[in-house]
Structure formats: structure tokens, C-alpha cells
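> whatever this is, show me its structure:
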Amino acid sequence: CFNTGSSWDKCDFESNLCKALPQFNLQPGWIRRNGQCGMGPPYSAHNGNESAYFLSLSSETQSSSASLRTNVFFPTDEEHVCQVFHNWVSQMGGTLMVGLQKHSEDIVRNIWQVSGELRNQWNVSTITINSTEKYEV
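Residues are numbered from 1 along each chain as shown. You can find the predicted model right below:
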């Protein structure tokens, strides 16, 4: 969920890449797929549905890195932005990181990460963001 003030947007990738992600092609390495595609685990989405879609790194990019960048979010002002997401880290290892880039800064600050200790299962994570200026995740 993306709590942008009083409205909540749910992103499940069933029909597209959602409002939070740019609507052009995915950056290299990322694919939109479901558990029925024959690519290996996960064999279902976080809710156990084999036909439900999620984003995944293709097997060719497991030795390198690939990033996703959201559209621009407006300042959170007095309210925090809650981002809840489901994530999967495979037995192949790797690290999933979430970064925040404010528009006045050139750097992406790492605000959350998970690596090999939670393998081969869906996990739910929540990140709280507070920014007084426009930002991207």
C-alpha cells in the first residue's frame, strides 16, 4: 500500500506496473510473471495464488544488480508514508534494498534491506517514510 495522505493505493501487478512505478518497460533484469511460468520459485504469489502476478528478477541477472525506481512522490508533510510490500529472497542469495532519494540530493540513501536469512518464503515488510520534499523510492 502507498498511503499518500488519506488515500491508499494497492499495487498487485495483475494488470500493469501500478501507479507507483513508471508505465514504460521494466528496467533490464525485471520481469512481470506468475508462478505458472515454469521459471522456478516462487511458484505462487504471497497469497498462494499460482496465477497471480509479481515482479521478479530474471535468472540471467542473479549475478548482478537491477533496480526499480518509483514515480515522484510529493512531500509527506506531517504524515508518514506507509509502504507495505511482500518480498522473496531465494536460496541463490542476494540482497533486496530499498533506497530513498530526495530531489535536493544526488545520493540514494539505503533505508531498508533484507538478505539471505529469510530464504524461499514470502515475507511482508513495512517501511515508514517522512520527507519534507519530493522524493523517489
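> drop to CA atoms for contacts and neighbour counts, all remaining ones
Will do.
> quick one, strands of this structure?
Secondary structure of the chain, counting by DSSP state E: strands at 2-4, 7-9, 30-34, 53-57, 81-88, 96-102, 109-114, 122-129, 135-136.
> can you redo these as CSV with distance to Thr70?
Compiled in CSV, the strands of the chain are given as follows (distance: least, Cα to Cα, whole Å):
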stretch, distance to Thr70
strand 2-4, 11
strand 7-9, 13
strand 30-34, 14
strand 53-57, 14
strand 81-88, 12
strand 96-102, 10
strand 109-114, 15
strand 122-129, 14
strand 135-136, 6
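> export those strands to TSV and tack on distance to Arg69 and mean neighbour count?
Listed next are the strands of the chain as TSV, based on distance: least, Cα to Cα, whole Å; neighbours: other Cα atoms under 10 Å:
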stretch	distance to Arg69	mean neighbour count
strand 2-4	14	17
strand 7-9	17	11
strand 30-34	12	18
strand 53-57	13	18
strand 81-88	14	17
strand 96-102	9	16
strand 109-114	13	13
strand 122-129	15	14
strand 135-136	7	18
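> of all those strands, which one is nearest Asn71?
Of all these, strand 135-136 sits nearest to Asn71, with 6.3 Å by Cα to Cα.
> other residues contacting the closest one?
By Cα atoms under 8 Å, 6 or more residues apart in numbering, the surrounding residues in contact with strand 135-136 are Arg69, Thr70, Asn71, Val72, Phe73, Phe74, Pro75, Leu100, Gln101, Lys102, His103.
> do you know how far the second one is from Glu50?
The one in question is Thr70. 26 Å (Cα to Cα, to the nearest Å).
> kindly report the same for the last one.
According to Cα to Cα, His103 and Glu50 sit 39 Å apart.
> domains in the protein, as residue ranges please.
Listed domain ranges for the chain are 11-66, 72-136 (source: the TED database).
> weakest of those domains by average pLDDT?
Out of these, domain 11-66 stands lowest, with a mean of 74 (criterion: mean pLDDT).
> residues of stretch 31-49 that come out buried?
Across stretch 31-49, burial judged by 16 or more other Cα atoms under 10 Å covers Arg32, Arg33, Asn34, Gly35, Gln36, Pro41, Pro42, Tyr43, Ser44, Ala45, His46.
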